[in-house]
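Engineer: please find the sequence and the predicted model below.
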Amino acid sequence: MRAHRIVIVDDHPLFRDALNHALQNSLNATSIRQADSLPQLTALLADDSEIDLVLLDLDMPGIQGFSGLLYLRAQHPEIPVMIISATEDPTAIRRAIDFGASGFVPKSQPIENIRTAVQAVLDGEVWTPPEIDLTKTGMSQDEDLIARLSSLTPQQVRVLMMLGEGLLNKQIAYQLTVSEATIKAHVSAILQKLGVDSRTQAVIAINRIGTSEWQTATAR
């Protein structure tokens, strides 16, 4: 039996190292790698096709709301993604699962629970904190937008993320090494899929779906 291969994605090196140490000491035959950003993770996944699980923090530079999760689920649907976040907000947890996460673990959970959650997802289960009620999250008003965002291709998600950073079409084209005409086509497809009329409305849409009380709290 080959070793499980896990990637921890978080921009705080002390947390990455602590989680790495905790999992190495509890999960048998496990290989753990680390990334501090979505671009670094993307490069790692391109180089290693045998990853079994990605542990992803939502609150990182360059990621608007659930855009990082959206991108990973579209680009690598075969790799389970578990969110490890500072939030315990039920709405955020419910949204993460709706966007395709295989689990959600608040960082406040005891390390034993984090180990249990990781093992559960490696075993093919979906794990959320059992003490948090996810049945009363008021998701109905956002279900259509979630479905529309989930329909974006990986490249369209990347373009939308860059739009959220305020980049112009030519700047996005340069970073993605494609033509400006290609970016214009992607933007048009994004607007059509999201049912909006402008780039600004598209960015507002992805920010709105990621906005909740926990984001305000973690930004302080």
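Structural biologist: Thanks, I have the structure now.
Engineer: next one: residue 43 from residue 36, what distance?
Structural biologist: 12 Å (Cβ to Cβ, to the nearest Å). Every residue, glycine included, has its C-beta placed from N, CA and C.
Engineer: whoops, I mixed them up, residue 48
Structural biologist: 17 Å.
Engineer: residue 43 and residue 36 - which one has more neighbours?
Structural biologist: residue 36 (17 against 12; other Cβ atoms under 10 Å).
Engineer: next up, the contacts around residue 83.
Structural biologist: 56, 57, 58, 69, 93, 96, 101, 103, 104, 105 (Cβ atoms under 8 Å, 6 or more residues apart in numbering).
Engineer: same question, residue 71
Structural biologist: 38, 154, 157, 158, 161.
Engineer: remind me which helix or strand the third one belongs to.
Structural biologist: Residue 157 is part of helix 154-164, with elements assigned from DSSP states H and E.
Engineer: which residues does whichever helix or strand comes after that helix contact?
Structural biologist: With elements assigned by DSSP H and E, the helix or strand that comes after helix 154-164 is helix 169-176. Helix 169-176 is contacted from outside by 155, 158, 159, 162, 163, 167, 179, 180, 182, 183, 184, 187, using Cβ under 8 Å, 6+ apart.
Engineer: the helix or strand following helix 169-176: which residues count as buried?
Structural biologist: Using DSSP H and E, the helix or strand that follows helix 169-176 in sequence is helix 180-194. Applying a neighbour-count criterion of 16 or more other Cβ atoms under 10 Å, one finds 182, 183, 186, 187, 189, 190, 191, 193, 194 buried in helix 180-194.
Engineer: and stretch 16-27, by the same measure?
Structural biologist: 16, 19, 20, 23, 27.
Engineer: residues making contact with that stretch?
Structural biologist: 4, 6, 8, 10, 30, 32, 34, 36, 55, 84, 111, 114-115, 118-119, 122.
Engineer: for the record, mean pLDDT for it?
Structural biologist: Within the predicted structure, the mean pLDDT of stretch 16-27 is 87.
Engineer: export it as PDB, just CAs?
Structural biologist: What follows is stretch 16-27, C-alpha atoms only, in PDB (Å, rounded to 0.1, in the frame of the first residue of the first chain):
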ATOM      1  CA  ARG A  16       1.600  24.600   8.200                       C
ATOM      2  CA  ASP A  17       4.500  23.200  10.200                       C
ATOM      3  CA  ALA A  18       2.300  22.500  13.300                       C
ATOM      4  CA  LEU A  19      -0.300  20.700  11.200                       C
ATOM      5  CA  ASN A  20       2.400  18.800   9.300                       C
ATOM      6  CA  HIS A  21       3.900  17.600  12.600                       C
ATOM      7  CA  ALA A  22       0.500  16.600  14.000                       C
ATOM      8  CA  LEU A  23      -0.500  14.600  11.000                       C
ATOM      9  CA  GLN A  24       2.800  12.900  10.500                       C
ATOM     10  CA  ASN A  25       2.700  11.700  14.100                       C
ATOM     11  CA  SER A  26      -0.800  10.200  13.700                       C
ATOM     12  CA  LEU A  27      -1.300   9.000  10.200                       C
END
